[in-house]
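Participant: show me how the following folds:
(chains A and B)
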Amino acid sequence: MKLVIDNRTVEAPEGTTILDAARHSGVAIPSLCSHPELTPYGGCRLCIVEVEGMRGFPTACTTRAEEGMTVRTVTAEIRQLRREVLQLILSEHPASCLMCEEAEACASFQTTIRKAGVTTGCRTCTNDGRCDLQEVVESVGLEEIAYPIYYRNIPVEKDDPFYDRDYNLCILCGRCVRICQEVRMNGTLAFKQRGRRTTIGPAFDRSHLEAGCEFCGACLSVCPTGTLGEKGRKWAGAPDATTASACPFCGLACDLQILARKDTIIGTLPPDTGTCSGGTLCVKGRFCVPEAANHPDRLAGPAARVEGGVLGVPMEEAIQRAAGLLKGVEGGAFAMLLSPDLSLEDLWVAGRFAREVMKSDRLASTAVEALGPAVGPFLEVAAGNRLADIGESDCIVAVGADFSYGFSPIALRIMAEARSGRRYIRVGAIEDPTAKLARESHPHPLAQESAFLEHLIASAHRPLFVLGPDVLFPDNAEAVLAAVRNFTRSGRAKALALLPHHNLFGLAALLGDTLERGASALLNDGAIRVLYCLENLPGGPRPAAVSVIHQSPFRPPASSADLVLPAAGMGEAPGTVLTLDGQPAVVRQAVGPRGTALPDWKILSAIATAMGRTDFNYADAGEIRREMPPSFALKPLRSLEGQTRGPAAAPPANQPFLLHRRPPYESFRGVALNALVPGFADLLPSGHIAINPGDAARLGTTDGDIVRVEAGGAAAEFPVKPSPRLTPGTLVLIHADPSARFPSNPCAVNLRRR
Amino acid sequence: MGALTWPADARPEVERLLKTYPRRRAALLPLLHLAQRIWGHVTDDAVALCAETVECSPADARGTASFYSMYHTHAPGRPHIRVCTNVSCQIRGADELLRVCERALGIKAGQTTPDGKFSLEEAECLGACDRAPLLMVNDDYVGPVDQGQVEALLKK
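Facilitator: Alright, predicted model coming up:
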């Protein structure tokens, strides 16, 4: 199809709008409400054009391009109209950052009132320098606003985690509302009222947290103004470097852009089109990266325990001390704990270090142990993961998958399938954002797991089980996973297991059949003289080892280690991980390491060299990759027989709540994410009883009240956290030690207000 | 999700409305009217029920209900008085009329008298410009009116 735009003949595919056709051929038309990921809206009226034979000034974003059309995008009249429209939009938007008499001088000199050699300039808006509105004002060429500016005086909303909302800056373009409804299929946001009283927000004056917001930040990514401000980087300014990398928080390793300024990570964005992409990240990838990367507990240099205290030492000395501690320690006297968040390169060098230098095969991971005894069959099922299966199945059954604050790209694909009529069934304790599209919802089965699952897929030809991490923690997890494994083995169904850690496949490849070896059993056998904690410091009391070497980006708890070695953190070293469908994902370096920190493999290599080895002289991560056998960087194939425990009993009547427990598996380099990022602790706090808001009200409790949880003879007290994600009668407790204090999981309990 | 359900005698009407339109979502406005007839005003629970019935988000339904001035989010008084302040009425003194009403009732536009009897609302165009300035008492037009007539009317 051919049409003429501004005297140029351009080619455009059938069905596109004039705006798209113009942009594809390099003609810029100003616009504020349109966005490539959203349906046309025609709200801002800035993209008006002239079309020969058409009356008036149609908006380019809502008018379909047609064969032989003649379009003019810039005429004196259009320019005048656009200026007028923009003035009306800005009559409710504080404009000191858009129009200022000093603007020109400010840009080149930046005046200051202080008699010092510093430049300041105004900081009136957190979005200054990365604002669509500023760009549009410039392209339309508006220099003054004829109307008085009406300040709406709406209080700034600051109560929810991760982002503040100042609707005095809002121009009501509706991008946030549309991305929340159309792309994220969440529906937390809508327009309220009308005319000059129009605002944006959830229904019934609820907070975003109460309204079921996932804090995915898509609204923030598409906002053309400074209305929505990321708490963590509000005044950080525009980034000076952007690096395409992968998210470090789970086995999906989503693509993301790391934004840095002055060699510090200030934020992340979904991939692709600069500041304007809506994207599919979850709250972890969208908001938690800078806080984890710049945490106050980050280590800047090594430290050694000496008589009477802890001494900061230079890196070279620390390496020598490590070599000294390890000298003469061989075989069973050496053990190493590893994090499933380490890169393949780090794991490979760690494996060589333990096996070749220390002659020990005592490798384990407390993070894997925390996933429980069902992790074996879980990983075996995961070995068959194929993301494409989501689109190819005729019935999707999600078991133990909580899509509220994680695995968003999978949730969005499932919801898109469910919307187009695919059968979607949910099994689990938590009412997540996909629940509204589920054909059926069931609680976790407590008995006859195989028959129950078989019944769900009875009428399906190509069923797919999507297994979330929460499937791992009930007492009958092994029975459920054995049932799913039998379906996948016989070809009756496919399965997709969602790995909660960044590189669980990589760790499984390193540990092989010893993956499930309990880290705690290893620690308590009394033979260990040196324990090397590679980003994996066991909780609880200091392990029974003579010396503990702790290597991590984060400071360990006081007096838990004899030698502390600082590792490079998020975005500070390149590496590779295996994603949950077995594909290698590349993590790129965005900033330099903090202080004297080094990549994990570099520290281990330096210690090996100090101990007299000559075969640990890698120049970079690429050299390690070339040394790794191809099989190491492949999805491990496992075949493990898990034992099956008996099904749990049905809850008795005097214990009306069913308590589900799980560990805080959302982690980064061996540290729980809710301990690193306060906002994430608002969503999924450890040590709290999450409860349905109606149940909480019936008990007469509100957020933070202490309740007594009773089960049989056992009782414990926890603060409550009302959450709309829980159905009545369901409780969830995130706790570092899931086996503690209750006889079973899930466990029928009674709840009393203290 | 909501605690509220449609009363048994309203169910046939709900079914009929859902079948009237090609898309479920389109039944939202008539369902909100139905809810208002049943419960007197569109309570939060009623809005959540309508949202659930047409399968849209509660925020969407609440936004729609708050857009149209004929839906009451709070219990209206009997009588409920609407004063039009759009162009035709405004030219003929509607702002003054509204102030007279506010003074006489002792409340601001958008409020209800403490005894719950009268409620007053500043309305957009009520579609009777030929009778400007105009106000509505419950479902009846009153106009054109002058200040004296309004004062007399309110005394009644």
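
Participant: pLDDT at whichever residue of chain B sits closest to chain A, what is it?
Facilitator: For chain B and chain A, the shortest gap (C-beta to the nearest C-beta) falls at B:Ser57, measuring 2.7 Å. No exception for glycine: its C-beta is placed from N, CA and C like everyone else's. Per-residue confidence (pLDDT) for B:Ser57: 91.

Participant: quick one, what contacts it?
Facilitator: A:Gln181, A:Asn186, A:Gly187, A:Thr188, A:Ala190, A:Ala203, B:Ala51 (C-beta atoms under 8 Å, 6 or more residues apart in numbering or on different chains).

Participant: so which two of these are the farthest from each other?
Facilitator: Using C-beta to C-beta, the contacts of B:Ser57 reach their maximum pairwise distance at A:Asn186 and B:Ala51, which is 13.7 Å.

Participant: what are the C-alpha coordinates of the lowest-mean-pLDDT helix or strand in chain B, in CSV please?
Facilitator: When the helices and strands of chain B are compared on mean pLDDT, DSSP states H and E, helix B:147-155 comes out lowest with a mean of 81. Output of helix B:147-155 as CSV, limited to C-alpha atoms (Å, rounded to 0.1, in the frame of the first residue of the first chain):
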residue,chain,number,x,y,z
GLN,B,147,-33.9,32.9,43.1
GLY,B,148,-37.2,33.7,44.8
GLN,B,149,-38.9,30.6,43.4
VAL,B,150,-36.0,28.4,44.5
GLU,B,151,-36.2,29.8,48.0
ALA,B,152,-39.9,29.2,48.1
LEU,B,153,-39.5,25.7,46.7
LEU,B,154,-36.9,24.8,49.3
LYS,B,155,-39.1,26.0,52.2
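
Participant: contacts for that helix?
Facilitator: Contacts of helix B:147-155 (C-beta under 8 Å, 6+ apart): B:Gly93, B:Glu96, B:Leu97, B:Val100, B:Cys101, B:Ala104, B:Leu105, B:Phe118, B:Leu135, B:Val137, B:Val142, B:Val145.

Participant: centre of the chain to the helix or strand that contains the second one, how far?
Facilitator: The secondary structure element spanning B:Glu96 is helix B:94-105 (assigned by DSSP states H and E). For helix B:94-105, the distance from its own C-alpha centre to the chain's C-alpha centre is 19 Å (C-alpha atoms, centre = their mean, to the nearest Å).

Participant: need the next SSE after it, C-terminal direction.
Facilitator: For helix B:94-105, the following helix or strand on the C-terminal side (DSSP H and E) is strand B:119-123.

Participant: chain center to the following helix or strand past that following strand: distance?
Facilitator: Using DSSP H and E, the helix or strand that follows strand B:119-123 in sequence is strand B:135-137. For strand B:135-137, the gap between its own C-alpha mean and the chain's C-alpha mean amounts to 12 Å (C-alpha atoms, centre = their mean).

Participant: ok, stretch A:133-142 next?
Facilitator: Distance, centroid of stretch A:133-142 to centroid of chain: 34 Å (C-alpha atoms, centre = their mean).

Participant: now it: mean pLDDT?
Facilitator: Stretch A:133-142 comes out at a mean pLDDT of 90.

Participant: can you pull the contacts of the residue positioned nearest the centre of chain A?
Facilitator: Among the residues of chain A, A:Lys284 comes closest to the average C-alpha position under C-alpha atoms, centre = their mean, at 2.3 Å. Taking C-beta under 8 Å, 6+ apart, we find A:Lys284 in contact with A:Cys247, A:Phe249, A:Cys250, A:Tyr405, A:Gly406, A:Glu666, A:Leu673, A:Phe680.

Participant: tell me the secondary structure for it?
Facilitator: Recorded secondary structure, A:Lys284: helix (DSSP: H, G, I helix; E, B strand; the rest coil).

Participant: would you mind measuring from it to chain B?
Facilitator: Distance of A:Lys284 to chain B, given as C-beta to the nearest C-beta, to the nearest Å: 24 Å.

Participant: give me the residue from the stretch 601-750 of chain A nearest chain B.
Facilitator: Nearest residue of the stretch 601-750 of chain A to chain B: A:Gly694, at 7.7 Å (C-beta to the nearest C-beta).

Participant: what does chain B have sitting close to chain A?
Facilitator: Within chain B, the positions adjacent to chain A are B:3, B:44, B:47-48, B:51, B:55-64, B:66-67 by C-beta under 8 Å from any C-beta of the partner chain.
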